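Chemist: take this sequence and fold it.
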Amino acid sequence: MKKFPILLILVLLFFIPDISTAQQIVQLDTTDCIRKKGQVKQLFESERDVNSNEPAIDPDYILFLIGDTGNPQCVPELNESFYRYVHESTVKSAIVYLGDNVYTNGIPYRSYTSDTYEGKSMKVKIAEAKLLVQLNRLSGYSGNAYFVPGNHDYHKMIKSPKRIDAQRNLITAFNKKKETNGEISFKPAGRDDLKVELLELTTEIVIIFIDSEWAVRKINKSASKRLFTDPLKKAFNAAEKYKYVILAAHHPLYSVGDHGHEKLFLASEDIHRKKYGKYIHTIEPYLNQGMNIIYAAGHDHSIQYMHPQNFHQIISGSGSKSNHIIENEVPSDSMQYAIDTRLSDEDFIKKRPRFKTALESLRFATNYNGYVEIKFYAGRNEVWMSVFAISDNKLKNLYSAQLF
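Modeler: Numbering: from 1, shown residues only. The predicted structure follows:
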């Protein structure tokens, strides 16, 4: 088993800046806070599966899903609202950060070659501070928080596993320093041969963490493929005894966002690419075996809910960024027209068959900055999802639906 660099983690315990210092450093990086040219707020709600009869009682358990939070300085109103709600909630809960926790290129590993915080470069300080702003807001939170890696955590071009080690080490150091009983950890855990990890949340709920960036990059190599496929099979076999199974990864299986339809030469992180398709093909057989499955992902900077076949997919990737939902030139209130146009475009669908599945199974989508709650009502045998997002500078419940 790969061991954490204990000495470096102990050094970190004494040099983790408080939230005010981290925020001041993060403010130096505002380049990623600019919306894409022509970006508009978009909202789509299908008439299918819309249900407003959510129980008027507290759930037994809440799973918060928020992804692509790596530029916390860009959405201060979301951060204030989200963490305030998390801290005020009296329901047992956990938070899953669905990757791209540090933009744009993760945390440089050499950040741990310096013995003092002051000795680090400003580039390293900014990268660390982006994660520390989020970690410091978890101080006092009684639940557990889990961070899943995304492609930007590895570095968008170099794809360095050492940057994952750097992020894991910083989270581990913070977890040792905090004063609450809740666990804050990086998942899957820090073993070279562990790209899939199963964790029991309750006696009824289990979560399977997947390092999907590693899988997408390595799926074509037979020597490393089994490091993903074998533990994936083992995890699903172990999950059969649970009532609800959550898959937490960075990469979605289907999307109506940029990664679902773009056709760029170097867009290796888009769904239509060959390696990405093999990752999806590896996952899909497990999703229709009669289990109650929710596949949770980030990657596209929007919130999407789809109900393809016998499972549910939730994309919650607008934690600090916002991108278009489907490529279209029509106003946001005419998204149904854009969807119908794409479905009738045979040449487009032929090149992107998974985009058709995304369009046909889409129930809700918005590119507002926000997060998703999965609420489990054990006594009623019901599971509900709710979308909370910033609209008109306020946190609003934009959508709710019963999943099971």
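Chemist: helices of the stretch 301-404 of the chain, start to end?
Modeler: Under the criterion DSSP state H, counting those that start in this stretch, helices of the stretch 301-404 of the chain are mapped to 335-343, 346-351, 353-361.
Chemist: can you check the chain too?
Modeler: All helices of the chain, identified by DSSP state H, fall at 6-13, 19-26, 76-88, 122-137, 151-154, 161-177, 212-218, 222-239, 258-261, 274-283, 335-343, 346-351, 353-361.
Chemist: so, low pLDDT: which residues of the chain?
Modeler: Counting by pLDDT under 70, the chain contains low-confidence residues at 1-20, 27-32, 34-39, 48-52, 110-119, 190-193, 262-267, 327-333.
Chemist: tabulate the helices of the stretch 301-404 of the chain (JSON lines), appending distance to Tyr244 and mean neighbour count.
Modeler: Using the backbone N, CA and C atoms, a C-beta is placed for each residue, glycine as well. Formatted as JSON lines, those follow (distance: least, CB to CB, whole Å; neighbours: other CB atoms under 10 Å):
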{"stretch": "helix 335-343", "distance to Tyr244": "30", "mean neighbour count": "16"}
{"stretch": "helix 346-351", "distance to Tyr244": "33", "mean neighbour count": "11"}
{"stretch": "helix 353-361", "distance to Tyr244": "20", "mean neighbour count": "19"}
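Chemist: neighbours of the nearest residue to Lys123 once chain neighbours are set aside, just the number please.
Modeler: Using CB to CB, 6 or more residues apart in numbering and skipping the chain neighbours, the partner closest in space to Lys123 is Pro108 (6.9 Å). Around Pro108 there are 19 other residues, counting by other CB atoms under 10 Å.
Chemist: out of the helices of the stretch 301-404 of the chain, which gets nearest to Pro55?
Modeler: helix 353-361 (25.5 Å; CB to CB).
Chemist: which secondary structure elements does the closest one contact?
Modeler: Packing partners of helix 353-361 (3 or more CB pairs under 8 Å, 6 or more residues apart in numbering; DSSP states H and E): helix 258-261, helix 335-343, helix 346-351.
Chemist: nearest to Lys125, of those helices?
Modeler: Nearest to Lys125 among these is helix 258-261 (30.1 Å), distances taken as CB to CB.
Chemist: hmm, who's touching that closest one?
Modeler: 252, 254-255, 267, 269-271, 299-301, 323-324, 326-327, 342, 348, 352, 354-355, 358 (CB atoms under 8 Å, 6 or more residues apart in numbering).
Chemist: now do 7 Å
Modeler: Outside helix 258-261, the residues that touch it by CB atoms under 7 Å, 6 or more residues apart in numbering are 254, 269-271, 299-300, 323-324, 326-327, 352, 355, 358.
Chemist: distance between it and the chain's centre?
Modeler: 16 Å (CA atoms, centre = their mean, to the nearest Å).
Chemist: what does stretch 182-197 contact?
Modeler: Here stretch 182-197 makes contact (CB under 7 Å, 6+ apart) with 1-2, 4, 135, 138, 141-148, 167-168, 171, 174-175, 178, 208-211, 214-215, 227-228, 231-232, 235.
Chemist: go through the helices of the stretch 301-404 of the chain and name the closest to Gly70.
Modeler: The nearest among the helices of the stretch 301-404 of the chain, by CB to CB, is helix 353-361 at 24.3 Å.
Chemist: got the angle for that closest one vs helix 335-343?
Modeler: 140 degrees (axes from the mean of the first three to the mean of the last three CA atoms, to 10 degrees).
Chemist: CA atoms only for helix 353-361 - export them in CSV, please.
Modeler: The C-alpha trace of helix 353-361 is given here as CSV (Å, rounded to 0.1, in the frame of the first residue of the first chain):
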residue,chain,number,x,y,z
PRO,A,353,-25.3,8.6,-30.5
ARG,A,354,-25.0,9.2,-26.8
PHE,A,355,-26.2,12.7,-27.2
LYS,A,356,-29.5,11.3,-28.5
THR,A,357,-29.8,9.3,-25.3
ALA,A,358,-29.0,12.4,-23.3
LEU,A,359,-31.7,14.5,-25.1
GLU,A,360,-34.4,11.7,-24.9
SER,A,361,-33.8,11.0,-21.2
